[in-house]
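In: Okay, predicted coordinates and the sequence, questions at the end:
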Number of protein chains: 4
Amino acid sequence: MSRPLARVPAEGGIRSRTRVALLEAATRLFARKGVGDTAIHEIAAEAGVANGTFYNYFRTREDIADAVGVRLAEVLESRISASYREVADAAERVAIGCRVFILQALEDPDWAAAILRVWSRSSALAERVAEPVLADLRAGRLGGRFRYGSEAAALDLVQGTVLAGMRTVVEARGGAEHAAAAACLVLRGLSVPVAEAEEIVRRPLPPRPRGG
Amino acid sequence: MSRPLARVPAEGGIRSRTRVALLEAATRLFARKGVGDTAIHEIAAEAGVANGTFYNYFRTREDIADAVGVRLAEVLESRISASYREVADAAERVAIGCRVFILQALEDPDWAAAILRVWSRSSALAERVAEPVLADLRAGRLGGRFRYGSEAAALDLVQGTVLAGMRTVVEARGGAEHAAAAACLVLRGLSVPVAEAEEIVRRPLPPRPRGG
Amino acid sequence: MSRPLARVPAEGGIRSRTRVALLEAATRLFARKGVGDTAIHEIAAEAGVANGTFYNYFRTREDIADAVGVRLAEVLESRISASYREVADAAERVAIGCRVFILQALEDPDWAAAILRVWSRSSALAERVAEPVLADLRAGRLGGRFRYGSEAAALDLVQGTVLAGMRTVVEARGGAEHAAAAACLVLRGLSVPVAEAEEIVRRPLPPRPRGG
Amino acid sequence: MSRPLARVPAEGGIRSRTRVALLEAATRLFARKGVGDTAIHEIAAEAGVANGTFYNYFRTREDIADAVGVRLAEVLESRISASYREVADAAERVAIGCRVFILQALEDPDWAAAILRVWSRSSALAERVAEPVLADLRAGRLGGRFRYGSEAAALDLVQGTVLAGMRTVVEARGGAEHAAAAACLVLRGLSVPVAEAEEIVRRPLPPRPRGG
DNA sequence: GATGAATGAGGATTCATTCAT
DNA sequence: AATGAATGAATCCTCATTCAT
């Protein structure tokens, strides 16, 4: 695993409580209404601070959208890298990543909605998520686990299917089983034999770390 | 093919000349700046009509976004169903669909950008595109061509990968070869054997109909 | 009676049906929403004609408001002068006028609402209504029936009380008995002895003419 | 007294300086052009604040019309209740009320025009004014001063005549003597004997309080 | 740092009016 | 006469941003 312990951000520490309140408020609102339809004064109100306080921490809405994206990615990374710690096999790592994303969307639809809405506005988020996936894909190809012609296409397969899967569960068109089903198709797309893919996606997920 | 709008059937009326101008203007602007960032007076200006004329045809921006979505879907359908006419094999049909989408995105990035931006705002578009894909998936499973546990997951695989692939070529991170590469991974995800998948996605596309 | 036979207008004759349709539509809408809140295209729609047709008959909204006022006054006059035909006593004439107005408001709240709304916009209406009232006041003073110092104040008494009474019944704060009650107070204000006033306002109204 | 706004009690706050400016501006404009014909940006300009500031205090034009109505009523109440303090006789109280309204209209036509225009838009105003009138009517009937069959009709007599009287002086069709003349007719309508009514409406008005 | 009133540019929407058919 | 699409000025309203406290 390339980025082993991102450790949830330093925001609990010295950095202002207000900044966190704004980020959380923005996340809720972005999830509910999208980035473009959320007014700055709404974020301030939801965070329980005055209108002008926003500008002590962020300069524009895109600014905070980026920060929200980074924050969402950090949550995810901490979740996934925790799951990863003991897993060396690239196929299993990819399967875990796919499943965790979709299961998390099921558990926390707000988070998922925010991811989906921020995804196309904040390049920071997409890039950050792509990084560990690419690392696993390369490792899997080197180790003979995966076969694919184009790395970009493989990344599209993984990210595209997972995002679509998240949307499916957010819209209540799929339940917990959707995570394994999607992961299985992804693995097969990367050339993992069918039977093996089915077995891998049924393995229990590594226990989540205490903090959740 | 630089002219995106194949002039889908019903657009012959006299009065609806203006309506078409508005739809085409909106398509260009949505592609360039997204739905939420396009002002209505911009659409009117781009269409060469007065500000208030917009409201003779549409009531809100979401309204015209839906109509644009329907229109884009119609263009696509006509393109794809034309390609399909002679093809019976479900695997080849799916491969054609995936490739046509991505190649079209390469040829007409405006169209593709519009699709990507409207996709999440207009349920009409997503539903309309899903329909023929589902038909092919079912036919392929019945015919033993495909294996998948969950239909929803299979749809996520196809749609998710193709949308991601479109974004990749629109952002110039992939060229013409990306279409076949993505289609190949999709077929393999649906359980088509690797060698066969590679062969299918290399078959020439059926000739486009005259109108194109 | 000063203006004996206004005979309901000539509008049924050669003048266009469309004009009447517009006037009736405007009356309904003015009654419902007031003059200022009624758009010209609404009047046209309510009349069942096209937008531009309005301008073949009227030039502005105030224009048609005036015409509506005149028309409402004509309806009234025909109603009242019919009632008057056989009545010579000024006190009884005033009592009839007050009662007819308020009873008419009860029977046709739309008409009354229109009167109330047009009253302050169309000087034509107020002047037209004032004329016969003044004639009766003068006749009554000459004949020793009424005593009042200021003609303007007497007119305010009659018109003000009747308009307020109309509003009262339109707002359902009064019923048929309200007409006689208000008329009685007006007569007393003009110095008709109490007992006599009470008797006068209980006399049956002259029969309405056939046309109504 | 040319300064209409006696600065009714509660208006001392710091922030509400702007609110008062808006209310005074609206009062002037409503008086001049009516509620419906006054644009919100006109109110803001007249108050000397920016366009959007209006919305920090009121949401709609009806909103501020209501507030203006309440404010006008407060001015009146303070004026009249001051005049009343020493007066016990219901007939004299009613006479004072009628005369003060009409005299005030003469002294401050802006205030009167605003009353007349707001009257039919703001139920708050009408209700507030009706209350003390009703109290006096009841007291007068109990004390044998007034005779009337219907309380609603009596209220219509008083309010209707006074409003019409205000309009008369605003339109310069009557002078200072109009106040007494109208009040006299009202008293007679309520059954006060003619000679007595004439005497009562000639009594000097109680001195206005300092603030006036 | 926090506040929140004030600002005013900008976008949405309505509607009176014209005019070619 | 009737039509009704097109027009664009005028108004409504929101909201990012500033700044004095």
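Out: Now that the structure is in, tell me what you want to look at.
In: So the least confident helix or strand in chain A by mean pLDDT, near DNA strand E or not?
Out: Within chain A, no helix or strand scores below helix A:61-84, which has a mean of 87 by mean pLDDT, DSSP states H and E. No: judged by C-beta under 7 Å from any atom of the strand, helix A:61-84 and DNA strand E are separated, with a smallest distance of 14.0 Å. (C-beta placed from N, C-alpha, C; glycine too.)
In: Which positions in the following helix or strand past that helix come out as buried?
Out: For helix A:61-84, the following helix or strand on the C-terminal side (DSSP states H and E) is helix A:90-107. Within helix A:90-107, the residues scored as buried using 16 or more other C-beta atoms under 10 Å in any protein chain shown are A:90-106.
In: residue contacts, the residue nearest the centre of chain A?
Out: Closest to where the C-alpha atoms of chain A average out (C-alpha atoms, centre = their mean) is residue A:76, at 4.7 Å. Counting by C-beta atoms under 8 Å, 6 or more residues apart in numbering or on different chains, residue A:76 touches A:100-101, A:104, A:129.
In: Next one, pLDDT for the residue in chain A that chain D sits nearest to please.
Out: Taking C-beta to the nearest C-beta, chain D has its nearest neighbour within chain A at residue A:51, 11.4 Å off. Residue A:51 carries a pLDDT value of 95.
In: One more: residue A:110?
Out: You'll see residue A:110 listed with a pLDDT of 85.
In: Touching the helix or strand where it lies from outside, list them.
Out: Using DSSP H and E, residue A:110 maps to helix A:109-119. Helix A:109-119 has contacts (C-beta under 8 Å, 6+ apart) with A:27-28, A:30-32, A:34-35, A:65, A:68-69, A:72, A:75, A:104-105, A:125-126, A:163, A:166-167, A:169-170, B:120.
In: what's the spacing between it and its chain's center?
Out: What separates the centre of helix A:109-119 from the centre of its chain is 9 Å, taken as C-alpha atoms, centre = their mean, to the nearest Å.
In: could you point out which element follows that helix?
Out: Moving toward the C-terminus from helix A:109-119, the next helix or strand (DSSP H and E) is helix A:123-142.
In: Quick one: mean pLDDT over that next one.
Out: 91.
In: In it, which residues are buried?
Out: A:124-126, A:128-129, A:132-134, A:136-137, A:139-141.
In: helices or strands up against the helix or strand following it?
Out: Per DSSP H and E, the first helix or strand lying C-terminal to helix A:123-142 is helix A:151-170. Applying 3 or more C-beta pairs under 8 Å, 6 or more residues apart in numbering or on different chains; DSSP states H and E, we find helix A:151-170 packed against helix A:90-107, helix A:109-119, helix A:123-142, helix A:177-189, helix B:151-170, helix B:177-189.
In: Any idea how many residues pack against the spatially closest residue to residue A:36 that is not a sequence neighbour?
Out: Nearest residue to residue A:36, sequence neighbours excluded (C-beta to C-beta, 6 or more residues apart in numbering or on different chains): residue B:36, at 3.6 Å. Here the count is done by other C-beta atoms under 10 Å in any protein chain shown, and residue B:36 has 16 residues near it.
In: how far away is residue B:36 from residue D:159?
Out: 53 Å (C-beta to C-beta, to the nearest Å).
In: Also residue A:153?
Out: Remark: distance between residue A:153 and residue D:159 (C-beta to C-beta) = 82 Å.
In: Out of the two, name the residue with the larger neighbour count.
Out: When residue A:153 and residue D:159 are compared for neighbours, residue A:153 comes out ahead with 28 against 24, by other C-beta under 10 Å.
In: for the closest residue in space to that one that isn't next to it in sequence, what are its contacts?
Out: Among residues not flanking residue A:153 along the chain, residue B:181 sits closest, at 3.7 Å (C-beta to C-beta, 6+ apart). Counting by C-beta under 8 Å, 6+ apart, residue B:181 touches A:148-150, A:152-153, B:174, B:201.
In: mind checking the SS state of residue A:192?
Out: Here residue A:192 is coil, with the state taken from DSSP: H, G, I helix; E, B strand; the rest coil.
In: Who's the closest spatial neighbour of it, skipping the chain neighbours?
Out: Per C-beta to C-beta, 6+ apart, closest to residue A:192 is residue A:91, 5.3 Å.
In: Would you quantify the distance from that neighbour to residue B:29?
Out: Residue A:91 sits 44 Å away from residue B:29, taking C-beta to C-beta as the criterion.
In: Count residues in the vicinity of residue A:179, would you?
Out: When neighbours are counted by other C-beta under 10 Å, residue A:179 registers 27.
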